[in-house]
Each structure stands twice: as structure tokens, then as C-alpha cells.
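Visitor: prediction below, plus the sequence it came from.
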Amino acid sequence: MSATARWTQLLIGVIDATTGLLGRLSAWMTVLLIVATCGVVFLRYFLGTGSIPLQESMSYLHSGIFMIGIA
């Protein structure tokens, strides 16, 4: 195997590992977004209160999911 072929295989492995990691990160961020949304709904409709930091975290999670997922 030539040096170029080995370098290409190494690069493909790095790219595959990176996309796999980003996919798992995006999936976990989606789970966190769902939990945060349920928390906001529970606080607002059942306890009659709200949490601005929790609502802000939902915005950041949502934008992070799109920025990671779009790549």
C-alpha cells in the first residue's frame, strides 16, 4: 500500500470518527432539549411559575443541534 493510500485511509477514519461523535452529541442534545421543554411546560402549567434560565438553555440547545446537525 502506498503512502498516499495509507494517508487517505487515516483521513477517512478521522472523518468517520468525527461525524460519529457529532451525531451522538446531537442526539444527546436533542434528548436534553426534550427534557428541558417538558420541564418548562410542567413549571408553567402545573406549578404556575417559570424559569428563564431553563428557557434560555432551550434556545441554546436548539441552535446547537442545528449547527452541529447541519454539518
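Guide: Good, I have the coordinates. Residues are numbered from 1 along each chain as shown.
Visitor: OK, contacts around the most centrally placed residue in the chain?
Guide: What sits nearest the mean C-alpha location of the chain, by C-alpha atoms, centre = their mean, is S26, with 2.6 Å. Neighbour list for S26: I65, I68, G69 [criterion: C-beta atoms under 8 Å, 6 or more residues apart in numbering]. C-beta: built from backbone N, CA, C; applies to glycine.
Visitor: against Y45, how distant is L54?
Guide: Distance of L54 to Y45, given as C-beta to C-beta, to the nearest Å: 14 Å.
Visitor: so for those two, which residue has more residues nearby?
Guide: A count of neighbours by other C-beta atoms under 10 Å puts L54 above the other of L54 and Y45, at 14 against 8.
Visitor: the more buried one against T37, yeah?
Guide: No: under the criterion of C-beta atoms under 8 Å, L54 makes no contact with T37, lying 9.3 Å away.
Visitor: just give me the neighbour total for L22.
Guide: 13.
Visitor: C-terminal to the helix or strand where it lies, what's the next element?
Guide: L22 belongs to helix 3-46 when assigned by DSSP states H and E. Later in the chain than helix 3-46, the nearest helix or strand by DSSP H and E is helix 52-70.
Visitor: on that earlier part again, so the helix holding L22 versus helix 52-70, what angle?
Guide: Using axes from the mean of the first three to the mean of the last three C-alpha atoms, to 10 degrees, one finds that helix 3-46 and helix 52-70 are set 150 degrees apart in direction.
Visitor: now helix 3-46: average pLDDT?
Guide: The pLDDT scores in helix 3-46 average 93.
Visitor: against L43, how distant is the residue lying closest to I65 once chain neighbours are set aside?
Guide: Nearest-residue entry for I65: M29, 5.1 Å, with adjacent residues in sequence omitted and distances by C-beta to C-beta, 6 or more residues apart in numbering. In this view, M29 and L43 are 21 Å apart by C-beta to C-beta.
Visitor: ok, T19 next?
Guide: From T19 across to L43, the span is 36 Å (C-beta to C-beta).
Visitor: comparing those two, which residue is more hemmed in?
Guide: L43 (15 against 11).
Visitor: one step back: quick check: the residue nearest to I65 touching Y60?
Guide: No: in this structure, M29 is not within contact of Y60 by C-beta under 8 Å, at 9.5 Å.
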